[in-house]
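Novice: kindly generate the corresponding structure for this input.
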Amino acid sequence: MSRLVVLAGPTAVGKGTVVRALRDMAPEAYLSVSATTRDPRPGEVDGVHYHFIDREDFQRRVDAGEFLEHATVHGQNWYGTLRGPVEEKLAEGEPVLLEIDLQGARQVKETMPDAHFVFLAPPSWDELVSRLVGRGTEGEEERERRLATARDEMAAVDEFDQVIVNDTVERAAAELLSVVRGTR
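Specialist: Below you'll find the model as predicted:
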């Protein structure tokens, strides 16, 4: 039986890092590539890390029902999961992993309640703050906006089927892989 696993958690918890480690362990694991209206960060490749599209194209796709979920994140950029590739993989019997934000996870829960929802949590609030500051990709105002969002996201942990603490990337990735493979 195919399985949809939805991974969400607060900003800077390391979702992308854990998923990259999972992919190193199991390159065959299918990770849905989200679409976004934000600009690429250094080193990000269109179609690999995200589908980078402009707001007009994003809105056209929303209106056409092409997204499984979509949201405005941190009050600025739009993100979403294209429905077609996810449904194709599930129809083929392949497990699918979505790495999305809390808003998106809530939308997927409405349309696909049988999915397995995993919350990636930091070992502590202080560690989350340290990770956000340490990556150095946001200015002070953006960091404060993300931390305010993270507080709300942390409060939603009870909405998930399972919690994985990202204390070490390798351990968290291995635990997530066992979920994706359905062995847990």
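Novice: helices along this protein, start to end?
Specialist: Using DSSP state H, the helices found in the chain span residues 15-25, 55-63, 83-91, 102-111, 125-135, 140-154, 169-180.
Novice: what's the fourth one packed up against?
Specialist: Right, the one you point to is helix 102-111. Applying 3 or more CB pairs under 8 Å, 6 or more residues apart in numbering; DSSP states H and E, one finds that helix 102-111 contacts strand 4-8, strand 67-73, strand 77-82, strand 116-121. Glycine gets a C-beta too; all of them are placed from N, C-alpha and C.
Novice: buried sites along the longest one?
Specialist: Taking 16 or more other CB atoms under 10 Å as the neighbour-count basis, strand 67-73 is seen to contain the buried residues 67-71, 73.
Novice: and the residues you listed, which two are furthest apart?
Specialist: Farthest pair in these (CB to CB) is Leu68 and Val73. Separation: 15.6 Å.
Novice: report the angle between the least confident helix or strand in the chain by mean pLDDT and helix 15-25.
Specialist: When the helices and strands of the chain are scored by mean pLDDT, DSSP states H and E, helix 125-135 comes last with a mean of 85. Orientation of helix 125-135 against helix 15-25 (axes from the mean of the first three to the mean of the last three CA atoms, to 10 degrees) gives an angle of 80 degrees.
Novice: show residues contacting helix 125-135.
Specialist: 10-14, 122, 138, 143, 146-147, 150, 154 (CB atoms under 8 Å, 6 or more residues apart in numbering).
Novice: same thing but 7 Å
Specialist: Residues from elsewhere that reach helix 125-135 (CB atoms under 7 Å, 6 or more residues apart in numbering): 10-14, 122, 143, 146-147, 150.
Novice: still on that earlier bit, between the helices and strands packed on helix 102-111, which gets nearest to Asp54?
Specialist: Here strand 77-82 is closest among the helices and strands packed on helix 102-111 (CB to CB), at 9.9 Å.
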